[in-house]
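Novice: Show me the folded form of this:
(one chain, ligands or ions: 2)
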Amino acid sequence: MQALSSRSVAGRSPCVARAQGRHVCVVPRAAATVEKPEEKVVGAAWQFTQPAGKGLGFYTGAEDGYLYVDQMRVEDIRHQVPESPFYLYSKNRIMHNYASYQQALAGIDSLPCYAVKANNNLIIMKELAAAGAGAVLVSGNELKMATVAGFDPKRTVFNGNGKLPWELELAAEKGVLINIDSEFDLANIAAAARKTGKKVSVLLRINPDVDPQVHAYVSTGLASSKFGIRNSHIKWFLDEIRKEPLLELVGVHSHLGSTITKVNIFRDAALIMCDFVKMIREEGFNLKYLNIGGGLGIDYSHQGQVLPTPTDLIDTVRDIVKELGLTLVIEPGRSMVATSCALVNTVTGVKTNGSKNFVVIDGSMATLIRPSLYGAYQHIELTTPSKEAVQVFDVVGPICESGDYLGKDRELPTPKAGDGIVVHDAGAYCMSMASNYNLKMRPAEYLVENGKLRKIRHEERLEDQLKASFEGL
Ligand SMILES: Cc1ncc(COP(=O)(O)O)c(C=O)c1O
Ligand SMILES: N[C@@H](CCCC[NH3+])C(=O)O
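Specialist: Ligands and ions are numbered 1, 2, ... in the order given. A predicted model of the protein is given here:
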């Protein structure tokens with residue numbers, strides 16, 4: 001390993017408790033007025049005005065025990081909103097999370113790209129684009145949506161192991177940075193460049209083969225991964241790129257995985273990438289970008305877990321980026337939006353099978369699949385204080401699958417039909433992974449913004465499904 005590996009990271013701030021998740025504080029109550037869902041013009045970059053923990057995002061009121069979002073009671077919102085379940089977001093929290101990355105990146109050349117796959121709500125994308133974020137995309141439709149949202153295509157990265165010719169042509173046309181994932185992907189990117197006549201800036205996606213210590217389904221940077229090039233073939237890739245006058249190799253990319261909770265993992269990978277950068281430069285390429293992907297985890301446990309912040313993450317690679325004179329590209333998704341949202345559900349009923357108690361709610365694995373798919377924990381609580389007996393419940397949906405659950409073995413005050421119950425940290429990979437299984441309709445989305453409730457996406461209707469089936473009504 002080269003010089004950097006033996007050095008400690010100068011100026012690294014100690015890990016501090018993440019200012020995310022549930023906070024307890026007293027705030028004045030605001031009435032829940034719903035704004036009409038029509039589009040709003042997005043103004044200049046949003047100014048962050050509230051410090052974390054003071055009515056920022058979701059928290060329990062210390063005096064009344066109600067669940068709040070910013071200054072509004074979730075229970076009041078629930079009574080204003082006709083649909084259930086629905087996703088409820090705090091704009092303050094989203095912009096605070098983005099501002100945390102901006103602050104962390106101070107002092108280095110950087111391109112923070114929001115991973116649209118985490119949440120592709122157009123209004124949320126518009127807010128982040130207006131605040132100056134770039135975007136990381138994995139499909140042509142994400143690119144189209146990002147363009148509508150106002151992201152500058154030249155500040156977007158197109159990633160993926162199965163990019164289609166039409167998607168690559170669109171990306172080439174718009175001047176998007178494109179990651180090379182394999183031999184065939186390189187051939188397709190070159191073909192797109194030739195077809196459009198555009199010069200394309202490309203990055204090589206390299207697997208540093210560092211274990212991110214996460215669920216196998218969200219681990220992406222090992223040598224065994226389906227993503228990225230074969231490292232042993234790197235010279236072949238360089239030779240092929242050299243032969244293509246319309247391709248310019250401008251950087252290297254790695255993405256280790258998601259829900260990562262230790263920043264030394266990012267440093268280990270960055271050091272390996274540093275060796276690749278040096279080797280590629282020696283081959284005569286003028287690299288500008290080191291893209292370390294996304295992957296920073298959040299405290300889903302709500303137990304005050306001490307997790308690294310964006311500053312901890314950036315500080316761990318700061319010296320590497322500076323020494324190499326590169327622009328650092330980051331691709332956060334989860335850590336930008338997860339904590340900004342709760343899925344608000346209604347209790348349908350409570351039952352027992354003799355050995356287990358169940359709270360049956362109207363949300364399900366179709367609305368939010370992470371617990372069913374990964375066994376992921378997302379914190380669950382009632383929207384109102386309760387003096388009912390606390391029991392252990394599985395919180396389940398109505399889908400015709402035994403794997404349809406939102407939480408297992410949760411201690412909750414016994415709720416009754418009609419009560420509000422939320423699944424926390426639902427801003428990332430929840431709505432964007434929702435489905436129509438059992439013909440459940442994907443839910444509406446609401447945003448709390450400046451003390452007001454704004455509908456930012458309609459609930460899907462059965463008519464939409466019938467139209468897609470050429471039937472209409
Ligand atoms: C290439 C790439 N970049 C960025 C992300 C975003 O990751 P996260 O949401 O964990 O920050 C992902 C998803 O894991 C990804 O595959
Ligand atoms: N969908 C996953 C994350 C996948 C990240 C994309 N590579 C999750 O919910 O945790």
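Novice: residues contacting Leu406?
Specialist: Residues near Leu406 by CB atoms under 8 Å, 6 or more residues apart in numbering: 345, 361, 363-365, 368, 371, 378, 380, 395-397, 423. In this view, the C-beta of every residue, glycine as well, is placed from N, C-alpha and C.
Novice: who wins for neighbours among the residues you listed?
Specialist: Counting neighbours by other CB atoms under 10 Å, Gly363 comes out on top of the contacts of Leu406 with 30 neighbours.
Novice: Tyr68 belongs to a strand, doesn't it?
Specialist: Yes: counting by DSSP: H, G, I helix; E, B strand; the rest coil, Tyr68 is found in a strand.
Novice: isn't it right up against Phe58?
Specialist: Yes: between Tyr68 and Phe58 a contact is recorded at 7.0 Å, counting by CB atoms under 8 Å.
Novice: Mutual contacts of those two, please.
Specialist: Counting by CB under 8 Å, 6+ apart, the shared contacts of Tyr68 and Phe58 are Val74.
Novice: hmm, back to that, so which of the contacts of Leu406 belong to helices?
Specialist: Using DSSP state H, the subset of the contacts of Leu406 located in helices is Pro371.
Novice: So which residues make contact with the longest helix anywhere in the chain?
Specialist: Under DSSP H, the helix in the chain containing the largest number of residues is helix 263-282. Residues from elsewhere that reach helix 263-282, judged by CB under 8 Å, 6+ apart: 1-2, 4-5, 9, 204, 206, 208-213, 221, 231, 234, 238, 249, 252, 254, 256, 260, 287, 290, 292, 295, 308, 312-313, 316-317, 320-321, 323-324, 326.
Novice: Show me which residues of this protein are close to ligand 1?
Specialist: Residues of the chain lying close to ligand 1 (CB under 6 Å from any ligand atom) are 115, 118, 136, 159, 220, 255, 258, 293-296, 331-335, 428.
Novice: buried subset of the residues you listed?
Specialist: For the residues of the chain next to ligand 1, a burial check counting by 16 or more other CB atoms under 10 Å picks out 115, 118, 136, 159, 220, 255, 258, 293-296, 331-335, 428.
Novice: Please enumerate the strands of the stretch 201-350 of the chain.
Specialist: Counting by DSSP state E, counting those that start in this stretch, one finds strands in the stretch 201-350 of the chain at the ranges 247-253, 289-291, 327-330, 341-352.
Novice: average pLDDT for stretch 290-298?
Specialist: Average pLDDT, stretch 290-298: 95.
Novice: Ramachandran angles for Leu256?
Specialist: Taking degrees, to the nearest 10, you get phi -80, psi -30 for the backbone angles of Leu256.
Novice: Where does the stretch 51-200 of the chain get nearest to ligand 2, residue-wise?
Specialist: Closest residue of the stretch 51-200 of the chain to ligand 2, CB to the nearest ligand atom: Lys117 (5.8 Å).
Novice: close enough to count as contact, that residue and Val138?
Specialist: Yes: counting by CB under 8 Å, Lys117 does reach Val138; the two are 5.6 Å apart.
Novice: Doesn't Leu453 belong to a helix?
Specialist: No: Leu453 sits outside any helix when classified using three-state DSSP, being strand.
Novice: beta partners for it?
Specialist: For Leu453, the beta-bridge partners are Val34, Val448 (DSSP bridges).
Novice: any idea how far it lies from ligand 2?
Specialist: 26 Å (CB to the nearest ligand atom, to the nearest Å).
Novice: sorry, back to before: want to throw the strands of the stretch 201-350 of the chain into a markdown table with distance to ligand 2?
Specialist: Listed next are the strands of the stretch 201-350 of the chain as a markdown table, based on distance: least, CB to the nearest ligand atom, whole Å:
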| stretch | distance to ligand 2 |
| --- | --- |
| strand 247-253 | 13 |
| strand 289-291 | 14 |
| strand 327-330 | 14 |
| strand 341-352 | 13 |
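Novice: In JSON lines: these, plus distance to Gly107.
Specialist: Compiled in JSON lines, the strands of the stretch 201-350 of the chain are given as follows (distance: least, CB to CB, whole Å):
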{"stretch": "strand 247-253", "distance to Gly107": "20"}
{"stretch": "strand 289-291", "distance to Gly107": "16"}
{"stretch": "strand 327-330", "distance to Gly107": "11"}
{"stretch": "strand 341-352", "distance to Gly107": "31"}
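Novice: out of the ones you listed, which comes closest to Arg93?
Specialist: Within the strands of the stretch 201-350 of the chain, the stretch nearest Arg93 is strand 341-352; the backing value is 8.1 Å (CB to CB).
Novice: in that closest one, what counts as buried?
Specialist: Under the neighbour-count criterion of 16+ other CB under 10 Å, strand 341-352 has Cys341, Ala342, Leu343, Val344, Asn345, Thr346, Val347, Thr348, Val350 buried.
Novice: what do you get for stretch 403-419?
Specialist: Going through stretch 403-419 with 16+ other CB under 10 Å, the ones that come out buried are Asp404, Tyr405, Leu406, Gly407, Arg410, Leu412, Pro415, Asp419.
Novice: Is it correct that Pro415 is in contact with Ser386?
Specialist: Yes: taking CB under 8 Å as the definition, Pro415 is a contact partner of Ser386 at 7.2 Å.
Novice: coming back round to it: any of the contacts of helix 263-282 buried? List them.
Specialist: Buried members of these, counted by 16+ other CB under 10 Å: 4, 9, 204, 206, 208-210, 212, 221, 234, 238, 249, 252, 254, 256, 260, 287, 290, 292, 295, 308, 312-313, 316-317, 320-321, 324, 326.
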